[in-house]
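>>> coords please:
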Amino acid sequence: MASRYNVILLSDEIYGELDFEGNHISIARYYPEGTIISSGLSKWCGAGGWRLGTFAFPESLDWLLDGMAVVSSETFTATSAPIQYAAVKAFKGGQRMEEYLTQSRRVLKNLAHRVCQTLRSAGAEIAQPKGAFYIFPDFSGHKEHLAQRGITTSRELCQQALQETGVAFLPGSEFGRPSEELTVRLALVDFDGQAALDGAARYPADDELPDTFVEECCGRVMEATNRLADWVAR
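Prediction:
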């Protein structure tokens, strides 16, 4: 359909390498002549704050690439040298990078499973994530008793939870959901990444990580999850 109408697609694939099973397939495989792929270092490479974004253009869209380059040159300054060196290392790939990604996926998959399991036990509805490090639970099952505590919107839910538990997350209304829907977005990133990678590497790559792994290597995330689950279900 896109090819028939000569549509240009912009595919944001910055989380693509964090598919838990390593099975991400770009839409560019099916429509290479009209797809621009955007990515960067901060997400799949675990380099938050190292802001280097990329666009990959097909040859047929060289005219658009040239135009964007002109606009960018008048808008952005040069990327700092340390970030450029990091990008060269990341985009060269190789065995060490593949090992890093394999362990990252194992850690994030295990952590997401445990967090979802804990929040579901507290009555939340959650779609099981298949990649990256976010979850989007819905606490509407507790709507009546939360309303008795003066909580009727996702923003109020976040504000009250922060005050009473110290756990910070974003309201679903920031992502286009109705304000009265008690959905929130949690980022599962408050842990020592290197320690988690080292911990995962102690177990064979084809094996599931043990139940004790999250408490050992991602303890702050689980502590926050348990606080939130106890607070909501109270």
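>>> tell me which residues touch the closest residue to residue 153 other than its chain neighbours, please.
When the adjacent residues along the chain are set aside, residue 153 lies closest to residue 179, with 4.5 Å between them (CB to CB, 6 or more residues apart in numbering). C-beta here means a position set from N, CA and C on the backbone, and glycine is covered the same way. Going by CB atoms under 8 Å, 6 or more residues apart in numbering, residue 179 touches 153-155, 171, 173.
>>> just residue 112 next, same as before
20, 128-129, 133, 135, 188.
>>> all helices for this protein, in order.
Counting by DSSP state H, the chain has helices at residues 62-73, 81-92, 95-121, 143-147, 154-165, 193-201, 213-217, 219-233.
>>> and the buried ones among the contacts of residue 112, selectable in PyMOL?
In PyMOL, this line selects whichever of the contacts of residue 112 come out buried by 16 or more other CB atoms under 10 Å:
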select buried, resi 20+129+133+135+188
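>>> need the contacts of residue 112 in a markdown table with pLDDT, can you?
A markdown table is the format used below for the contacts of residue 112 (pLDDT from 0 to 100):
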| residue | pLDDT |
| --- | --- |
| 20 | 96 |
| 128 | 95 |
| 129 | 96 |
| 133 | 96 |
| 135 | 97 |
| 188 | 96 |
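>>> re the thing from before, out of the contacts of residue 179, which is most surrounded?
With neighbours defined as other CB atoms under 10 Å, the most crowded of the contacts of residue 179 is residue 154; it has 27 neighbours.
>>> now do it, the pLDDT please.
Residue 154 is assigned 97 on the pLDDT scale.
>>> for residue 173, see how far away it is.
Using CB to CB, to the nearest Å, residue 154 is found at 5 Å from residue 173.
>>> who touches both of these two?
Common neighbours of residue 154 and residue 173, counting by CB under 8 Å, 6+ apart, are 179, 181.
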